[in-house]
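1. Can you look at this prediction? I've put the sequence above it.
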Amino acid sequence: MRQIVLDTETTGLDWRNGDRVIEIGCVELLNRNLTGRHYHVYINPERGIDAEAIAVHGITEDFLADKPTFSAIAAEFEDFIRDAELIIHNASFDVGFLNHELSRLGRGKLDSLCAGVIDTLKMAKEQNPGKKASLDALCDRHQIDNASRTLHGALLDAELLAEVYLAMTRGQESLIMVLEEPVPGSAEAGGVLVDRPPLKVLRASGEELAEHERVLQDIAKGTKGTCLWIAPEPEAAAA
């Protein structure tokens, strides 16, 4: 199972207003383990950057002036994410921007490249209704160190989100392990099947049965004869 945790930074909040992607950060998970492979690139948007956006991520037009355009990195980006399941926080934002960038070049959208998208924002709201679901809030909730996150950055945020996602789905990992582990002593586990000895049955003594009956009668008195563990008296046969 190959998954890519992905984050972007942009010139503004809405691609419909002409905003563009300026940074992409991705980290790879394989069978729920970080592989160490990542994809990270800064992109020249060929337009200005909103001051509000710079205050969030700190990326300026001067810094991006000598960086490649999206058309120059599109193929390598597609190669890195191809056939993987994407994990994104507030997926509609990043997917909208990336689909717009791909569409501008006449390339297929993400759903034609990838196996699906998991939105960790939606997942967090379902797991903890009414609680904060920002990436910082989730790091606090799952005790993940985000002290180095003074500004948003696509690669750092993708790395943090990977840790958050693994923490949020740890129960699923345990279930998978239980289902996949062979039964001890079975042929799959490399063992030899042996006959089990018969189970020893210990029956209650007369004194124990009498004490049990006394306890049931006390319960019946306390519940005015409605003790569920006492069988009702059989009705007398009709004359």
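-> Everything's here; your move.

2. Which stretches in the protein count as helices?
-> Here the chain has its helices, by DSSP state H, at 51-57, 61-64, 70-81, 91-104, 110-113, 120-127, 135-141, 154-168, 170-180, 206-222.

3. So for T10, which of those helices sits nearest?
-> T10 lies closest to helix 91-104 among the helices of the chain, at 5.7 Å (CB to CB). For every residue, glycine as well, the C-beta is placed using N, CA and C.

4. residues in contact with the closest one?
-> With CB atoms under 8 Å, 6 or more residues apart in numbering as the test, helix 91-104 has contacts from 6-8, 10, 15, 19-21, 24, 70, 74, 86, 88, 108-110, 117-119, 121-122.

5. Likewise for stretch 8-19?
-> Identification of contacts with stretch 8-19 by CB under 8 Å, 6+ apart yields 20-25, 45, 47-50, 52-53, 56-57, 59, 93-94, 96-98, 100, 152-154.

6. then it to CSV, C-alphas only?
-> C-alpha atoms of stretch 8-19 as CSV (Å, rounded to 0.1, in the frame of the first residue of the first chain):
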residue,chain,number,x,y,z
THR,A,8,1.1,22.9,-1.1
GLU,A,9,1.6,26.6,-0.6
THR,A,10,0.0,29.1,-2.9
THR,A,11,-0.1,32.8,-3.9
GLY,A,12,-3.5,33.2,-2.4
LEU,A,13,-6.7,31.4,-1.4
ASP,A,14,-8.6,30.8,-4.6
TRP,A,15,-7.3,29.4,-7.9
ARG,A,16,-10.5,30.7,-9.5
ASN,A,17,-9.1,34.2,-9.0
GLY,A,18,-5.8,33.4,-10.7
ASP,A,19,-3.9,32.2,-7.7
